[in-house]
Structure formats: C-alpha cells, structure tokens
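*Asks:* Here's my sequence, what's the structure:
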Amino acid sequence: MRTTRFLSSLILAGSIVALSVTGASAAPKKDFKVGWSIYVGWMPWGYAADTGIVKKWADKYGITIEVKQFNDYVESINQYTAGGYDAVTITNMDALSIPAAGGVDTTAVVMGDFSNGNDAVILKNKTDLAAIKGQNVNLVEFSVSHYLLARALETKGLSEKDIKVVNTSDADLAAAYKTPDVTAVVTWNPIVSEILSAPDAKKVFDSSQIPGEIMDLMVANTQVVKDNPNFAKALVGIWYETITKMQAAGAEGKAAKEAMAKASGTDLAGFDSQLASTKLFDKAADAEAFTKSATIGTTMDRVRKFLFEKDLLGKGAKSADAVGIELADKTVLGDKSNVKLRFDASYMDMAAQGKL
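*Replies:* Numbers count the residues shown, from 1 in each chain. You can find the predicted model right below:
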C-alpha cells in the first residue's frame, strides 16, 4: 500500500544515503531497475511489465528495465533510497520525507494521478466532521492519511490538539473499526470502501476536498536521469502507452483493467470504483499542465510545513526550508543549495508532442 510509511523509514533512509549518493555518480549505463507497489494508480506498471510494453520501450532506447512489484511500499522506497533501484512509485509527501530528506536528489518524471476521494475520514454514527473533536483517531501515523486529517481539521478550526492520533497498521484498520472502542479512522481505498460498507460508517471528509494535494508519482534518481535521459523517456513512453490501452473502449480496455484489478486483489467493478475516486492523468498534456500549475507549489509548501512539524525533514532540520524543492519553472521552495526534490515536466512535454 502506498501510504504505509513509518518514522523508521526515515532512519533507514538517513543511514543509507551515503550508498545512494555514491551510486548516483555512476557513468551512463544500460540496465535499470524500477520498483512499484499495489495501488490503483500504479497498477499500470505491473501490467506494462507483464505484457511486453516495458521491454518494447527499453528496446527502443537500447536499454533493459527490470520492473519489480513490492508487497511492502516502505521497502520499495528504502531500496530506491539505498540506490538499489533507479526509480520507484511514491506519493509527493513520501518523496520529500524519505529519499529527499535523506539526501537523495530525486526527480518526479511522471505525474500519474492524484487522489480524488480515495483517502477519507470516517466517523462512527456521526455525519459532521466537527464531531471528531475529543475522539481517538486511528490511522497510519506520518502517512498521507495523517496529512489528510490535518487538512480536514483545519476546515473546522481544529488541530491535532483537539483529537488523539492512534497509530494503527493499515492491515488492522478495517478490523479495528468493527470494535466498539474505535470511533474515527482515516485511511485509503480499498480499506475505505470496506469500512463504509458498515451502516454506522459515515464519510465526513475525503481527498476530493483537497484536490491535487495527494499525488502519486514515478520518481527517479536525479543523477541517473541526467546521465541517462533515455531511461526517463522510456518510463514516460511506457506509462502513456499503458494508460492508452487501459482507457481504450471495448474489449482491449476491459481486458487491461481486468488484469490490473486481479493483480490488485479486486474485480473489475472494485477497480473501476477506485478509479472513479482517482484523478488519473491519461494524457501527457494534462499531466504536464498540472505539473506546471501553481497547485504544486502551494501543496508542497503545505506538505513541507506539515513534515517539519512532525520532525520528518531529516536530522538537524531547523525549518521547513531545510530541503529545497524545485518546481517545474525552476523556482525553489526552501534551501536553493540543498535541492533534493524536483518536479520536471520536460519528459511529459516530449510525450505530449510525440517526441519520445
């Protein structure tokens, strides 16, 4: 799951950054490794590997690309941060808090989607978010669920001081909700759908109310991209060819989505339901426009401040400016001498213009 991320990940990231930096200085190479984990917006990567699309684009550029599925999202990020993988699927928040804060210069090459209802705050027998005040709230601490809660509380003039966060594994959340003591949860699909099947479960806030803030990306090591631009071109080519197949009318699109649904542990109806609450960027021009929009800067400013408050911007971070974030127009949020996360629309622009 994309948001199962704990503080220990940061500790590991910090301890292995030296390895990744050393590896990042390598000369141009031919063999690349990509990690991904199960989430509706990332299923196309597994499908592309299984159906030969990855090989097609790798062959076009005279390289090889190994695409590996991780059952543990955290492990995929740790492997990338350690330099064992050249690219990985990740959320914008985790990209900043783990590899970037750990010192690994990272570039968002593909803006895949943003959560548009997949993440939600659910209360038991209460229909007004304000009723969350004074409650224990079960969620995966320091994940995008935690961020969603913070944003939700803001809308009611509340803060975390008004509730108590109870760190709960994503694997346990659905079962925990069924117990009498658990009255508020924040989680993501498909867990949201499972919990909402209970008659007393009421969704009081979801990510569609903060559109564009929980982004799902394919990121790559910045030095690897600089030394091997064809790798980034291949990643973008793979993504848009796969999305085109997935969105195709008739049997082709249905077969692609059925394969992705099965791989993610659901059926076509369940997969379509998750897609409905995901803003999937199926056209390169739309992804490019979003990446270049003011939304990115506004969101990442909120995200970095949230992470700083939680002490998740690395050891010794004295402010939210500790880690520089380069936006698509090359302006920088934070420390310009320590830019470690970059939003690059150039490869999506190539795709939009048919120049891959």
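
*Asks:* what's the burial count for Ala269?
*Replies:* Ala269 has 8 neighbouring residues, counting by other C-beta atoms under 10 Å. C-betas here are computed from N, CA, C, even on glycine.

*Asks:* Assign it to helix, strand or coil.
*Replies:* For Ala269, the assignment made with DSSP: H, G, I helix; E, B strand; the rest coil gives helix.

*Asks:* Run through the strands of this structure in chain order.
*Replies:* Here the chain has its strands, by DSSP state E, at 31-37, 64-70, 87-91, 106-115, 119-124, 136-139, 164-167, 184-188, 201-206, 215-221, 278-280, 324-326, 332-333, 339-343.

*Asks:* Okay, now the sheet partners of the last one, with direction.
*Replies:* Same thing as strand 339-343. Using DSSP bridges, strand 339-343 pairs in its sheet with strand 106-115 (parallel), strand 324-326 (parallel).

*Asks:* In CSV, list these along with distance to Val165 and mean pLDDT.
*Replies:* CSV is the format used below for the strands paired with strand 339-343 (distance: least, C-beta to C-beta, whole Å; pLDDT from 0 to 100):
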stretch, distance to Val165, mean pLDDT
strand 106-115, 20, 98
strand 324-326, 26, 98
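
*Asks:* Quick check: the residue sitting nearest the centre point of the chain vs Ala232, distance?
*Replies:* Nearest residue to the geometric centre of the chain (C-alpha atoms, centre = their mean): Thr91, 1.9 Å. Computed as C-beta to C-beta, to the nearest Å, the Thr91 to Ala232 distance reads 20 Å.

*Asks:* What segments of the stretch 101-250 of the chain are helices?
*Replies:* Applying DSSP state H, counting those that start in this stretch to the stretch 101-250 of the chain gives helices spanning 144-155, 170-177, 191-196, 222-227, 229-247.

*Asks:* Residues touching the first one, excluding its own?
*Replies:* Right, the one you point to is helix 144-155. In this structure, residues lying in contact with helix 144-155 by C-beta atoms under 8 Å, 6 or more residues apart in numbering are 2-3, 91, 93-94, 115, 119-121, 129, 132, 137, 139-140, 159-160, 162-163, 165, 186-188, 204-207, 209-210, 213-214, 302-303, 306, 310.

*Asks:* ok, Asp311 - how many residues close by?
*Replies:* Applying other C-beta under 10 Å, we find 12 residues neighbouring Asp311.

*Asks:* ok, now Thr295?
*Replies:* If you count neighbours by other C-beta under 10 Å, Thr295 ends up with 15.

*Asks:* residues contacting it?
*Replies:* Residues in contact with Thr295 (C-beta under 8 Å, 6+ apart) are Gly212.
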